[in-house]
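Visitor: Model the structure of this input:
(chains A and B)
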Amino acid sequence: MPKTFEEINEKIAAKRAVVVTAEEMIGVVEEKGAKKAAETVDVVTTGTFGPMCSSGAQINVGHPTPRMKIQKAWLNGVPAQAGLAAVDLYVGASALPEDDPANKVFPGRFAYGGGHVIEDLVRGKDVLLEARAYGTDEYPRTKLETLINLASVNRAILLNPRNAYQNYNVAVNASVSRPLYTYLGVLLPKRSNANYATAGQLSPLLNDPFYRTIGVGTRIFLGGGTGYVFFAGSQHDPTVKRTKQGVPVEGAGTLSVTGDLKGMSADFLRGVSVRGYGASLAVGIGVPIPVLDEEMARFTAVRDEDILAPVVDYGTDYAENTGKVLARVSYAALRSGTIEVDGKKVRTASVSSVPKAREIAEALKRRIEAGDFRLGKPVETLPGPGEGESMRPLVIRPPSTTAGGLSPPRTQRIEGG
Amino acid sequence: MQKSVILHFPRTLLDKPIISHIVKTFDVEMNILQAAIMPEEAGHMFSILRGGEKAVQETLAFLERLKVRVLFPARNLVLHEEKCVHCGACVGPCRTGALSVDPETRRVSFDSERCIACNLCIPACAYGAIESVSEHLRAANGFLEDGPSGEPMPPSGAGSLSPSSA
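Guide: Numbers count the residues shown, from 1 in each chain, chains lettered A, B, ... in the order given. This is a model prediction of the structure:
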């Protein structure tokens, strides 16, 4: 008889829930079979920790006296997006100070960006807020310079459009005769090394491949505190090819997540400087998966050897969107330290931390066992293969001067062209 | 025994004869490889201590009491263990196996005996956990020198790559 979210939450409240991590579940299902495992185990916890560039903090700094309608803002010199009412700001993980040299001397350092601002806030450090405004009758202030910190601001939340990618590329350099500097690290020429990400068998969405239990309202471990899935993440694509077990063979689903920054910790939120690529934020996420039935038991017992990832050339194919895949390798092979691409042995390295992923799955397990964490039953599950859309590229359409009787855009008129 | 150390001296110790005290009192040799005193009068030094094990321990305890910040470089690297998240990205470029991932725990460890100081691991770490000794000292030099990418490095007592260092 299948279990429900409500039944499992009742057991959690009574501190009687049986909780295991996604790695422990592999052993349980091997030993007892999926049917028995589904009867015994209530919740499987998952975890992942790695750079997640589509992340940011949404901060309401509070109203100064006299009031100000902030038009431009900087946090420790990093531009924060204003244009959200008077005192709401958003700082993106990859935002850089305007005077950051970036890649002018290649490869650039990107020593301090939005992700580092967020880490500083979580650490309780003072951050300099500078702001400018055009001034209105009721918001007369035009300049602001003040120190703020996480405790002093009115509210700060993490608001991440795309986190926890369900699978991802394995990057090699097969076409450029110098090292490439990418978000998957340094790639040496002639396919000398391969870098990969995700937590594999511990990864949240790889443990619920068709998103049966995950969607809007799912309560999660986020950055050391508690968060929620608020939508399918940007670029969520359930339509990709899958193995017979339903595991996608390339990047597929994603999560949009949010949570109060005040409960979070720099153990699971870290500013990162990726050489030659940019600044970002490493985020720790853990999603609890209810073992509703035998199928969920089978899904949560997925192993690294069952998960295949595409090897992609980041020298030419990635930038040119060719979609070419050089090989598909399992996470077991990736973790062994060597994979084979076109008959050649290639050394591998991960940019995602398995020890942190394990720590997160364990921490979430303890919270649930202690009755401190109830499962959030989704209001809507994430779109699955039949319901979701494939990722659409941006097709470039240059604005024209005469088509459809549209007048030329302002810049063309000024330049007379 | 020999111990490589990087010492960061606060400006309050500017006029104290610390090195000669160590040599005389603890009978420890100090081979000074690099040293600088900065405009704001803090100082730093890269040195190899040599002496009996007890003597070296006493020296380190003495420096700690004086609030001198002591770092222990491994080969030519300064490893900031508290910044490491054990992702394993640094292991990829390491040709000698000096950096390796434990197959069970998936934690990263460094065997300085195998390190050939090629420096390929340094750009691979996005968390600021790996610096070369010379970069660390250059950063500590403040505006005396350009930083490794040609940009002026701000004075920072910690000398690590990110201003977010604890």
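Visitor: contacts, neighbours, all on C-alpha from now
Guide: Will do.
Visitor: List of residues touching stretch A:107-114?
Guide: For stretch A:107-114, the surrounding residues in contact (CA atoms under 8 Å, 6 or more residues apart in numbering or on different chains) are A:56, A:78, A:91-97, A:100-103, A:181, A:271, A:273-281, B:149, B:161-163.
Visitor: A:V91 belongs to a strand?
Guide: Yes - using DSSP: H, G, I helix; E, B strand; the rest coil, the assignment for A:V91 is a strand.
Visitor: so which strand or helix has the one residue in the stretch 51-200 of chain A that gets nearest to chain B?
Guide: Proximity of the stretch 51-200 of chain A to chain B (CA to the nearest CA) peaks at A:A111, 5.5 Å away. Assigned by DSSP states H and E, A:A111 belongs to no helix or strand.
Visitor: quick one on the thing from earlier: just the buried members of the contacts of stretch A:107-114?
Guide: A:56, A:78, A:91-97, A:100-102, A:181, A:271, A:273-281, B:161-162 (16 or more other CA atoms under 10 Å in any protein chain shown).
Visitor: ok, the residue of chain B found nearest chain A - contacts?
Guide: Scanning chain B for proximity to chain A using CA to the nearest CA identifies B:C87 as nearest, at 3.8 Å. For B:C87, the contact set (CA under 8 Å, 6+ apart) comprises A:G50, A:S350, A:V351, A:S352, A:S353, A:V354, A:P355, B:R107, B:V108.
Visitor: longest helix in chain A, by residue count?
Guide: Using DSSP state H to define each element, chain A has its longest helix at helix A:22-40.
Visitor: Run me through the strand neighbours of the very next helix or strand once past that helix, direction for each.
Guide: Following helix A:22-40 in sequence order, the next helix or strand is strand A:43-45 (DSSP H and E). Strand pairing for strand A:43-45, determined by DSSP bridges: strand A:19-21 (parallel), strand A:288-290 (antiparallel).
Visitor: neighbouring contacts of the last one?
Guide: Strand A:288-290 is contacted by residues A:5, A:8, A:42-46, A:204, A:207-208, A:213-214, A:219-220, A:296, A:300, A:364, A:375 when judged by CA under 8 Å, 6+ apart.
Visitor: model confidence over stretch A:190-205, on average?
Guide: Stretch A:190-205 shows a mean pLDDT of 97.
Visitor: er, stretch B:5-15 actually
Guide: On average, stretch B:5-15 scores 88.
Visitor: where do the strands sit along chain B?
Guide: Counting by DSSP state E, chain B has strands at residues B:2-9, B:29-37, B:43-50, B:69-71, B:77-79, B:99-101, B:108-110, B:130-132.
Visitor: which secondary structure elements does the last one contact?
Guide: Which is strand B:130-132. Other elements packing on strand B:130-132 under the criterion 3 or more CA pairs under 8 Å, 6 or more residues apart in numbering or on different chains; DSSP states H and E are strand B:77-79.
Visitor: same question for the strand it packs on, mean pLDDT?
Guide: Per-residue scores along strand B:77-79 average to 93.
Visitor: likewise stretch A:64-74?
Guide: 98.
Visitor: just stretch A:209-220 next, same as before
Guide: 98.
Visitor: buried sites along that stretch?
Guide: Result for stretch A:209-220 [16+ other CA under 10 Å]: buried residues A:P209, A:F210, A:Y211, A:R212, A:T213, A:I214, A:G215, A:V216, A:G217, A:T218, A:R219, A:I220.
Visitor: between those residues, which is nearest chain B?
Guide: Among these, and counting by CA to the nearest CA, the member closest to chain B is A:I220, at 20.9 Å.
Visitor: Which strand residues bridge that closest one?
Guide: Here A:I220 sits in beta bridges with A:G227, as judged by DSSP bridges.
Visitor: quick revisit: so which of the contacts of B:C87 belong to helices?
Guide: Using DSSP H, these in helices are A:V354, A:P355.
Visitor: who are the neighbours of the longest helix of chain A, in terms of helices and strands?
Guide: strand A:43-45, helix A:294-300.
Visitor: Pick the most buried one from the ones you listed.
Guide: When the helices and strands packed on helix A:22-40 are scored by mean count of other CA atoms under 10 Å in any protein chain shown, the highest mean neighbour count falls to strand A:43-45 (a mean of 30).
Visitor: Need the contact partners of that strand.
Guide: Against strand A:43-45 from outside (CA under 8 Å, 6+ apart): A:8, A:17-22, A:25, A:286-291, A:300, A:361-362, A:364-365.
Visitor: just checking, A:V18 touches A:A37?
Guide: No - counting by CA atoms under 8 Å, A:V18 sits too far from A:A37 to count as a contact (10.6 Å).
Visitor: The two - which one has more neighbours?
Guide: A count of neighbours by other CA atoms under 10 Å in any protein chain shown puts A:A37 above the other of A:V18 and A:A37, at 24 against 16.
Visitor: check contacts around that one.
Guide: A:A37 neighbours (CA under 8 Å, 6+ apart): A:V28, A:V29, A:E294, A:A297.
Visitor: at 6 Å instead, please
Guide: A:V29 (CA atoms under 6 Å, 6 or more residues apart in numbering or on different chains).
Visitor: Local confidence estimate at it?
Guide: 98.
Visitor: how far away is it from chain B?
Guide: 25 Å (CA to the nearest CA, to the nearest Å).
Visitor: Repeat that for A:E39.
Guide: A:E39 is 30 Å from chain B, by CA to the nearest CA.
Visitor: Next one: that residue from A:P189, what distance?
Guide: According to CA to CA, to the nearest Å, A:E39 and A:P189 sit 51 Å apart.
Visitor: go on, B:N141?
Guide: 35 Å.
Visitor: which non-adjacent residue is nearest the residue in chain A that chain B sits nearest to?
Guide: Nearest residue of chain A to chain B, counting by CA to the nearest CA: A:S353, 3.8 Å away. In space, and not counting its chain neighbours, A:S353 is closest to B:C87: 3.8 Å by CA to CA, 6 or more residues apart in numbering or on different chains.
Visitor: Next up, the contacts around the closest residue to B:I37 other than its chain neighbours.
Guide: The shortest distance from B:I37 to any non-neighbouring residue, by CA to CA, 6+ apart, is to B:G43 (4.2 Å). For B:G43, the contact set (CA under 6 Å, 6+ apart) comprises B:H8, B:F9, B:A36, B:I37.
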